[in-house]
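Trainee: I'd like to go over a predicted model; first the sequence, then the structure.
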Amino acid sequence: MANIAIQRIKREFKEVIKSDEAQKCAINVELVGDDYRELRGEIAGPPDTPYEGATFQLEIKVPETYPFNPPKVKFVTKIWHPNISSVTGAICLDILKDQWAAAMTLRTVLLSLQALLAAAEPDDPQDAVVAKQFKENHPLFLETAQYWSHVHAGVPKGNSEFSKKVRRLMDMGVGEHQALVALSSCNWDMDRAIEQLFS
Amino acid sequence: MSDEEMEYSDDDFDAYYEEEFDRDVDHVDPQKNDPEYFHVACLTDTEVERLLNESVEQLSNSIQVTPSLAKLLLHMHGWNQMEIVAGYRQDCNRLLTTAHIKPPTPPQPSTSAQQGDGETTCPVCLAPMSPDNSSHLSCGHMFCKDCWSKHFEVQIVHGASTGIECMGSNCQVLAPEDFVLPLLKLPRLREKYQQYAFSDYVRSHPQLRFCPGPNCNIVVQAKECRAKRVNCTACKSQFCYRCGNDYHAPTDCETMKRWLTKCADDSETANYISAHTKDCPKCHICIEKNGGCNHMQCCNCKHDFCWMCLGCWKTHGSEYYECSRYKENPNIAHESAHAQAREALKKYLHYYERWENHSKSLKLEEETLAKIRERIQEKVMAGTGTWIDWQYLLDAAALLARCRYTLQNTYPFAYYLESGPRKDLFEYQQAQLEAEIENLSWKIERAEMTDRGDLENQMDIVEKRRTTLLTDFQQG
């Protein structure tokens, strides 16, 4: 790996660990392996959002040409958000694409992602289904996102109605996550979810 | 552009035009009264380079900026010198800020990372840097020269050139040519950078267009951006100046694009489905009727129903014609939607078949042309007349191709034309043109039996019909 990339990552790694945000457990980063090619990031869901109290794991891959090209980041923890794919975890964020600047750091990336959780851009969606719900049925979007945070990202508060529907589908032999995806994308309409799953 | 400049390029223009004029073998005089007449010049990249550099030099002299910055400004402002000069006189700061040449806020005294002992390090590679191995743009973001080089390298590999920005976070200040080029070490990269930048400049210039011909490096210059035919002098391809696609008079660029998209996509498949199929009233699967009997059984859910009224077969009784009485049931709306879809499909197919047919005829007539050449060859060899004597036959074939091409392109136009007197007039002229073209085609196929005067007369009629139609209806 190029020398600049290693130097930079080492320093940015320390910058994140020592940052005020890390002290407050809002962001964190860990090494995966020992060559600084891949890192595991962590961000806390921002307050007053359906992600409050949740912790999201991120996969960060550092390219050979770092910092002249942006790091490749995606969500490992499943999340219901218009700019993040509910299937693959791929992120749609300008600074991870053409607005990347070599002077940006891992800390700026993690903080920008946290900001994205607080302020979604439904007009520039990564996940069209989520974005549609966000725009057309916002209260349901908030509930769904909150329930995903409960199921996947360690938030204690659940939703008994949603749990019941998921369990009913599971009784029909559907996997838990599959049931969650089907119901979420059908606005929790049981009949439509069944149709989508079994047709 | 200043008046001087306009005058100069006019002269230039005429010089190129004449050259093209000499090579033009078209036997119709490109007079001003020809609706298809269009003034263009085919330039090589050196000629374009010269033309661009003249603008750059003029601007750089008139507002006292470096040629690189002048180039960047011209690129951002569609090469409109007057606009730039006016903007500069009014508020030079604003002009330079909106063109991303200067930062919106003046640079901080020190934006680079300061270490305890006062030595600066490059914020990108973290290595120490001294003033002579570092550099910055007007925004003051200081980085070492090695990092700048690597940044440019990565950007050029991504295809960027005129749009390369500073490496600072959220800094949109652009790097001008004279900043980038000295920092590029590999000749290959410099070449790529210049090549990409050249393409960007041509694309931003309102009077220039790349010839769309495969591997053709010609740039076409025209004073106005109009939907007119351009013949590239180098690769011989013909295209519409405005949209760069195949020439399409009398239809305009947008309508043509809509038509081609319509022909290419499956919107008509959807119409077909709508016109020829119905959904099962129970499970909603799509059913195409494949026999005469109206008693349908859905192959998916085994539901029995009547094709006519979509009612359940059991309640229907044995006399299914009974359902013709149920005109006022909710299926009326359903039926009319079907009827509409069927009508839309019929209309589209009418125009599409004719469009397709003329396209096929054009290909067949190419074969006729080959045969004519053969026959002329034989005749000349046999001593009946010379090449010059038979030239009129080739002219006739060329004219036929041109007229049929226009005729083909009248169909998308007619498809989107709203009903009314204008459409009636158009379709009348179209029918006239169509009839005369078939007449000409018939005479050319039987050239030996046709009198030369008769044929030339017919050629004249067809071309007149075509010009009339174009004069009356061509847009753009």
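Mentor: It's in. If you're wondering where the values come from, they're calculated on a predicted model, not measured in any experiment.
Trainee: which parts of chain A sit against chain B?
Mentor: With Cβ under 8 Å from any Cβ of the partner chain as the criterion, chain A comes near chain B at residues A:4, A:7-8, A:11, A:65, A:67-69, A:99, A:101-104, A:108. (Glycine included, C-beta is placed from N, CA and C.)
Trainee: rebuild those as TSV, extending it with pLDDT.
Mentor: Formatted as TSV, the residues of chain A next to chain B follow (pLDDT from 0 to 100):
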residue	pLDDT
A:Ile4	86
A:Gln7	88
A:Arg8	90
A:Arg11	89
A:Thr65	91
A:Pro67	92
A:Phe68	93
A:Asn69	93
A:Gln99	87
A:Ala101	92
A:Ala102	92
A:Ala103	90
A:Met104	93
A:Thr108	91
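Trainee: which members of these are the farthest-apart pair?
Mentor: Maximum pairwise distance among the residues of chain A next to chain B (Cβ to Cβ): 23.5 Å, between A:Gln7 and A:Gln99.
Trainee: just the buried members of the residues of chain A next to chain B?
Mentor: A:4, A:7-8, A:65, A:67-69, A:101-104, A:108 (16 or more other Cβ atoms under 10 Å in any protein chain shown).
Trainee: mind checking which of the residues you listed are in strands?
Mentor: With DSSP state E as the criterion, strands contain none of these.
Trainee: okay if I get the residues you listed as CSV plus distance to A:Lys78?
Mentor: Converted to CSV, these look like this (distance: Cβ to Cβ, whole Å):
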residue, distance to A:Lys78
A:Ile4, 34
A:Gln7, 34
A:Arg8, 30
A:Thr65, 30
A:Pro67, 29
A:Phe68, 32
A:Asn69, 27
A:Ala101, 30
A:Ala102, 32
A:Ala103, 32
A:Met104, 27
A:Thr108, 25
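Trainee: any idea which of these is closest to B:Asp451?
Mentor: A:Asn69 (73.8 Å).
Trainee: please state the backbone phi and psi of the closest one?
Mentor: Backbone torsions for A:Asn69, taken as degrees, to the nearest 10, come to phi -120, psi 150.
Trainee: before we move on, what about B:Cys240?
Mentor: phi -80, psi 130.
Trainee: need the contact list for the closest residue to it other than its chain neighbours.
Mentor: Spatially, and ignoring its direct neighbours in sequence, B:Cys240 is nearest to B:Tyr247 (4.9 Å; Cβ to Cβ, 6 or more residues apart in numbering or on different chains). For B:Tyr247, the contact set (Cβ atoms under 8 Å, 6 or more residues apart in numbering or on different chains) comprises B:229-230, B:238-240, B:405, B:409.
Trainee: try it again with 6 Å
Mentor: By Cβ atoms under 6 Å, 6 or more residues apart in numbering or on different chains, B:Tyr247 lies in contact with B:229, B:238, B:240.
Trainee: before we move on, back to that, looking at the buried ones among the residues of chain A next to chain B, which are in helices?
Mentor: A:4, A:7-8, A:108 (DSSP state H).
Trainee: how about CSV for the residues you listed, with distance to A:Val32 added?
Mentor: Shown next, in CSV, are those (distance: Cβ to Cβ, whole Å):
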residue, distance to A:Val32
A:Ile4, 20
A:Gln7, 19
A:Arg8, 17
A:Thr108, 21
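Trainee: could I get the average pLDDT for the lengthiest helix in chain B?
Mentor: Longest helix in chain B by number of residues, with DSSP H as the criterion: helix B:331-381. Helix B:331-381 shows a mean pLDDT of 80.
Trainee: swap in stretch B:130-144?
Mentor: Mean predicted confidence for stretch B:130-144 is 90.
Trainee: buried ones in it?
Mentor: Neighbour-count burial for stretch B:130-144 flags B:134-144 (criterion: 16+ other Cβ under 10 Å).
Trainee: follow-up on the earlier one: just give me the closest of the buried ones among the residues of chain A next to chain B to B:Cys299.
Mentor: Checking those against B:Cys299 by Cβ to Cβ gives A:Asn69 as the nearest, at 54.4 Å.
Trainee: now do the SS call for the residue nearest to B:Cys240.
Mentor: Judged by DSSP: H, G, I helix; E, B strand; the rest coil, the three-state class of B:Tyr247 is coil.
Trainee: and the gap between it and chain A?
Mentor: 36 Å (Cβ to the nearest Cβ, to the nearest Å).
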